Structure formats: structure tokens, C-alpha cells
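J.: Any chance you could fold what I've pasted below:
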Amino acid sequence: MSMVDAIVIRFTGDSGDGVQLIGEQLTITAALSGRDVRSRPDFPAEIRAPSGTVAGVSGFQLAMAEQAIFTAGETLDVLVALNPAALRKSLEYLKIGGLLIINEDSFQDKDWQKAGISSEFLSKTVEQYQVIALPLISLTLRAIESIKLSNTQAKKAKNFYILGLVLWLFDLPSESCISFIKNKFSTNKEMGRANEMTLLAGYNYAMTLELSRQDFILGHVDREQGLYRQITGVEAVGLALAALAVTTNTRMLVSGYPITPSSAILHECARLAEYGVQLLQAEDEIAAICACIGAAFGGCLALSCTSGPGLDLKSESLGLAVMTELPLVLLDVQRAGASTGLPTKTGQSDLRQALYGRHGEAPLPVIAACSPADCFDTVIEAFTIAIKYMTPVIVLMDASLANAAEPWKIPDLASCDMPSIEYNRFPKPYQRDEHLARSWNTPGSQGFIHQIGGLEKQGEDGHVSYDAENHQKMVGLRAQKIAGIAHDYSETVLEGDVNASVLLIGWGSTYGSLKSAVNRCIEEGLPIALLHLRHLNPLPLGLKNVFNHYDTILVAELNSGQLCQLLRADYLINAQSVNQCDGQPFAVSFLVKAIKERILKEEINHEHNYLHA
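T.: Presented below is the predicted three-dimensional model:
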């Protein structure tokens with residue numbers, strides 16, 4: 001039986017068609033079956049756009065392979081389009097000869113009109129693809145006609161018909177999906193039975209098709225031994241918070257105000273009360289972070305989560321947290337902005353805001369997760385820094401990290417490097433240790449009575465001071481404390497061809513795309529090294545020495561070049577920006593093309609300078 005390296009499928013339809021649900025189930029099934037998987041949901045910005053319109057299209061893309069992969073793919077092998085609007089939005093990504101599955105029941109004249117195109121859109125291109133046009137609604141109703149459900153209820157099972165068909169196509173078992181159905185519909189037995197019957201009907205229907213599935217069969221990935229689960233960035237954050245609360249035996253306050261896409265973190269944390277995670281949905285963004293400041297003052301762990309516009313509103317209170325030197329974490333799930341922007345799309349445009357978006361001199365650490373699973377380690381590291389150095393910490397995620405999924409080896413908590421909490425180390429609140437961190441004195445502790453606040457302090461007792469010389473000293477001291485955090489970083493890691501003359505730099509969720517692009521460049525005979533930064537403030541020590549080894553330095557970001565400008569200013573290097581601001585993750589082909597263009601331009605410039613020397 002022939003094997004292929006990787007296959008990519010996208011489910012797409014109306015936001016009420018259940019494509020996210022079956023995408024998640026396919027992801028879990030593929031992972032349990034030994035494939036390496038990466039997924040990327042795509043949500044419409046409008047809560048309920050008119051059905052059948054392009055604005056209302058919801059999508060879920062999944063790549064699976066028998067070796068390690070780092071992105072959810074680019075060119076589709078299989079496209080499932082449940083209406084013309086979905087087809088219109090995604091057909092361009094289906095490779096020539098790829099498999100197109102459509103629901104012909106929803107491809108009537110009125111459906112084409114809603115999508116703003118005619119049926120010729122499909123008829124002109126149908127010869128380029130393998131097409132399965134099935135009457136999905138009719139087949140679904142027929143599969144569960146023995147169950148007494150209304151027509152409306154019965155139609156809701158159509159997504160599982162598609163899932164059954166795809167499971168057969170990829171030679172995947174149906175047991176985990178059936179188990180999921182039984183659990184999800186445990187209180188609605190009839191609907192659960194309907195979905196189960198529909199899933200099996202779709203699976204059996206696929207067997208009757210004159211379709212070869214050889215091109216869609218994969219072997220198993222060779223993974224390190226251990227216990228694995230599928231995890232999204234949001235789930236990783238929740239598990240990290242629960243692990244912190246349990247291992248430190250300290251209550252965790254999670255306080256936020258609903259805003260897309262960070263609201264999912266609030267939903268996740270609502271289930272974690274038994275682990276010591278207490279959730280507060282505040283009346284606004286300012287109240288949310290002020291509650292965290294109060295919790296940190298009282299000796300609790302505290303995290304506030306937000307996105308885009310919410311980060312703006314929290315800026316003043318972040319300055320208060322810097323001045324009071326209280327440990328808390330602010331998690332920003334970035335989205336494409338400015339203003340309301342593209343609230344369900346991804347971006348990395350909050351970097352400047354995280355670094356500088358406070359009045360006065362208010363430095364704080366900024367770190368970024370690079371993958372869904374890495375969100376677990378990043379949140380734990382953020383709290384470790386916050387507690388050790390008595391400072392607020394900003395963690396940067398984004399929409400693609402929050403919603404995407406990948407396999408995650410479940411760690412042994414006993415071996416995890418969790419923060420150590422020690423209260424009332426010194427009798428005076430601003431007495432400092434060797435890291436310049438002040439004492440975390442809990443209010444009401446006998447012998448440790450103190451007050452803190454937003455006014456400038458002087459001395460170890462923290463007396464209010466308006467003295468100019470003292471303010472100059474304190475500004476320098478707080479900056480020195482934050483700069484010293486870089487001494488705790490692990491050694492900078494370079495990937496790819498470290499001996500190349502070209503260095504590609506990135507941060508955050510771009511890691512998978514950048515690593516894939518570097519691998520492809522090397523395969524094509526273009527040596528290139530990769531440096532992916534986790535710590536954005538303070539930056540790692542020794543970067544100048546790293547940069548000196550490379551003739552060409554490229555910085556790839558999902559913004560207008562914010563990190564690139566920072567590196568140029570701080571290190572006086574001729575870094576060039578590769579940027580994108582369309583609300584989508586980097587496509588590997590885009591990166592490879594951009595890298596080649598920048599290198600060619602650099603070679604032309606070098607030749608020009610040599611001839612005129």
C-alpha cells in the first residue's frame with residue numbers, strides 16, 4: 001500500500017454546520033491513531049452572519065503526517081464544502097487533482113445567489129478535481145428515519161455523516177468518535193443515537209464509492225515514549241494555571257472581561273475551581289486587572305487575560321503593578337487590529353504595546369509562546385519570573401495559538417520547574433534580595449504591616465517620596481531588576497544550518513511556519529539558520545555575537561516589522577523585515593519566496609557596493 005508524507009483537509013460551511021466539532025474529532029482520532037497532527041480553526045467575525053454568505057463561512061483545517069510537522073498545511077488534498085459560499089472561499093487552496101466533497105442539497109440556485117456567484121464557478125473547474133457530490137441532507141434523513149426526530153433536529157446530524165465518510169477515506173477508526181457522541185449526548189439519547197447512526201452511515205457510504213483511498217493512508221509517527229493528548233493553546237493555559245495552583249498550594253485568581261479570542265480562556269478556567277483556580281468575570285477590563293493587583297497584594301497567584309483593545313485599557317493598571325512591584329501575569333491573545341479590526345483573525349501587532357504601552361518608565365518582562373503545547377510551559381515560566389523578581393509579566397499569544405491543536409506529551413509535574421513562593425522574607429516591604437526583588441509581604445502578617453501604592457517610594461520601608469534624585473535612582477533600579485532577568489534564560493538555540501550566511505528570526509506563533517520554511521530552503525540547496533525568540537524583554541544576552549556571524553538577517557512577523565525595528569535600533573544591524581498583516585498565519589510558500597527575494601536583493605547590493613568600492 002502506498003504511503004504519502006502528509007495530507008491536508010479543510011472542512012468549511014456555515015457557522016452552524018458543525019465543522020469545528022467534526023474537525024476537532026478528526027484531529028483527536030488521527031492523533032490517537034499515531035499520526036502527527038496540526039490544526040487551524042477559522043471562525044467568522046460575525047456572531048451569526050446570514051446563512052449561505054461568505055461572511056458566515058466557518059472553516060477547520062487539519063494536516064496529518066507520519067513524521068513531525070509544524071503547520072496545518074497550505075495546499076489542500078481534500079476540501080469539504082457544504083455550500084457555494086464555502087466553496088468560493090476555499091477552492092483556490094485545493095490542489096489540482098485534489099478531492100472535493102460537496103453537499104449537492106445546498107448547491108441550489110438560491111444558494112449560489114447568496115454566495116454571490118453562479119453555478120458556472122464549479123462547472124468551469126470541476127474537471128481539475130475529483131468530485132464527490134452527495135445529497136447530504138437526504139442521506140442523513142434516510143439514515144435516521146427510524147428515530148423520531150423533527151426534520152430540523154435530524155438535519156443537525158449531517159456533519160457526522162461527513163465525518164464518517166472522511167474517517168473511512170483516511171483509514172481511521174470510528175471508536176473514539178462514537179465514544180465522544182455517547183458522552184456529549186448522554187442526556188439526549190435520541191440525538192446521540194442519531195449522530196452515531198449518521199456517522200456509521202457516512203462510513204459505510206464511503207465504501208460504496210468508486211474511490212481509491214491509497215493517497216490518503218499514512219503510517220505512524222515515531223514519537224518519544226510517553227502519555228500524549230491533543231491540546232489547544234487555551235487548554236494548555238488552563239492546565240498550567242491548575243498545575244501552578246496545586247503544586248504551590250496557592251489559590252489562583254483568573255480575572256478577565258469577555259473579548260474575542262481570549263474569552264475561551266475564561267470558559268476553560270470556569271471548569272477548574274476544584275484545583276484552586278477561581279474565576280472572576282469583571283465588569284470591564286480595568287476592573288479585571290485591578291482585581292489581580294488586589295489578589296497579588298493579598299498573596300495569591302493572579303492572571304488577567306485579554307485581547308487587543310483590552311490591553312490598551314489595562315495599561316494604567318500595569319503601571320501601578322510595576323510601581324508596587326507585585327507579581328501577576330497578563331496574557332494577551334493577540335488578534336488582527338487596530339480597533340475592532342478582525343476580531344477572529346490572528347496577528348502579532350501588540351508587541352510595541354506590550355513593550356512600551358505605559359506612561360512613565362515602567363519596564364516589565366514580555367515572553368511569547370511558540371506553539372499550542374508551549375503555552376503550558378510559557379505560563380509557568382511567566383509566573384516563575386513574576387514571583388522571583390516581584391514584577392508583572394506579559395505573555396503574548398495570538399488567535400491561531402489559542403485555537404490550534406497539536407499532540408502534547410503530558411509532563412510529570414514532579415519534574416516540572418515550578419516557582420517557589422516565600423512570603424515575608426524581609427521585615428521591610430522594599431528590602432531587596434540579590435535579584436533586586438522586594439519582599440512579598442502579605443497584609444495583616446504580624447510584624448510585617450506595610451503599605452504600598454502608586455506614588456514613588458524611598459528606602460526599604462517604602463515611604464512616599466517626591467525627591468527628584470530618589471526618583472532617578474528608583475527608575476534605574478526597576479530597570480536594572482528587569483534587565484537582570486536575562487541571566488536566568490537558557491542558552492540561545494539556533495536551528496537549521498547554523499553555519500549558513502543567512503539568519504531568519506521570528507517569535508511567537510510563527511515558529512511552525514518559519515521552521516518549515518527553513519527546512520524547505522535547505523532541501524532546495526539554500527542554507528539558512530533559524531533563531532526563534534521566546535523572551536522579548538529583556539532580550540537574551542549575547543545576541544550581538546550571534547548576529548555577527550551572519551551576512552543577511554531577516555525578521556519575519558505578522559505585523560509591520562515591530563521586532564525588526566527594535567533589533568535594528570538596539571543592535572545597529574541591517575535586519576530586513578518579512579511581514580504580513582492579513583489576519584492569517586504565514587504560508588510556507590510565501591516565506592520561502594520572500595526569503596529568496598531578500599537574499600537575491602542583498603547579493604545584488606553587495607555586488608553593486610563591490611563594483612563601486
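J.: Which parts of the stretch 301-450 of the chain are helices?
T.: Using DSSP state H, counting those that start in this stretch, the helices of the stretch 301-450 of the chain run over 309-313, 315-324, 351-356, 374-389, 399-403.
J.: Which of those sits closest to residue 427?
T.: Shortest separation from residue 427 across these is recorded for helix 315-324, at 18.1 Å, computed as CB to CB. All C-beta atoms are positioned from the backbone trio N, CA, C, and that covers glycine.
J.: residues of that closest one that come out buried?
T.: Within helix 315-324, the residues that qualify as buried are 315, 317, 318, 319, 320, 321, 322, 323, 324, counting by 16 or more other CB atoms under 10 Å.
J.: which other residues reach it?
T.: Contact partners of helix 315-324, identified using CB atoms under 8 Å, 6 or more residues apart in numbering, comprise 286, 289-290, 293, 296-297, 328, 330, 353, 357-360, 362-364, 391-392, 394, 452-457, 478.
J.: out of the helices of the stretch 301-450 of the chain, deepest packed?
T.: Greatest average neighbour count among the helices of the stretch 301-450 of the chain goes to helix 399-403 (a mean of 30), per mean count of other CB atoms under 10 Å.
J.: which other helices and strands contact that one?
T.: strand 36-42, helix 233-248, helix 263-269, strand 328-334 (3 or more CB pairs under 8 Å, 6 or more residues apart in numbering; DSSP states H and E).
J.: Tell me the helices and strands packed up against the helix or strand following the longest one.
T.: Yep, that's helix 233-248 we're talking about. Proceeding N to C from helix 233-248, the next assigned helix or strand is strand 252-256, under DSSP states H and E. With contacts taken as 3+ CB pairs under 8 Å, 6+ apart, strand 252-256 sits against helix 233-248, helix 263-269, strand 277-281, helix 285-297, strand 301-306.
J.: Run the chain-centre distance for the last one.
T.: With CA atoms, centre = their mean, to the nearest Å as the basis, the distance from the averaged C-alpha position of strand 301-306 to the chain average is 17 Å.
J.: Tell me the strands beside that strand, with direction?
T.: Sheet pairing of strand 301-306 (DSSP bridges) gives strand 252-256 (parallel), strand 328-334 (parallel).
J.: Kindly format the C-alpha coordinates of it as CSV.
T.: In CSV, the C-alpha atoms belonging to strand 301-306 read as follows (Å, rounded to 0.1, in the frame of the first residue of the first chain):
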residue,chain,number,x,y,z
LEU,A,301,-1.4,34.0,42.2
ALA,A,302,-3.2,36.1,39.7
LEU,A,303,-3.7,36.2,35.9
SER,A,304,-5.7,38.5,33.8
CYS,A,305,-6.4,37.6,30.1
THR,A,306,-7.4,39.9,27.3
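J.: contact partners of that strand?
T.: With CB under 8 Å, 6+ apart as the test, strand 301-306 has contacts from 237, 241, 244-245, 248, 250-257, 259, 262, 265-266, 285, 288-289, 291-293, 295-296, 313-314, 327-333, 379, 383.
J.: quick one: contacts for residue 300?
T.: Per CB under 8 Å, 6+ apart, neighbours of residue 300: 250, 251, 252, 253.
J.: Kindly report the same for residue 365.
T.: Each residue near residue 365 by CB under 8 Å, 6+ apart is listed here: 382, 385, 386, 389, 391, 393, 394, 482, 485, 535, 537, 538.
J.: so the fourth one makes contact with residue 481?
T.: Put plainly, it is residue 389. Yes - judged on CB atoms under 8 Å, residue 389 makes contact with residue 481 at a distance of 6.0 Å.
J.: For residue 15, state which of the contacts of residue 365 is nearest.
T.: residue 394 (31.6 Å).
J.: what separates the closest one from residue 605, distance-wise?
T.: Counting by CB to CB, to the nearest Å, the separation of residue 394 from residue 605 is 37 Å.
J.: Neighbour count for the two, which is higher?
T.: The residue with more neighbours, out of residue 394 and residue 605, is residue 394; 25 against 11, by other CB atoms under 10 Å.
J.: what is that one paired to in the beta sheet?
T.: Residue 394 forms beta bridges with residue 330, residue 366, as assigned by DSSP bridges.
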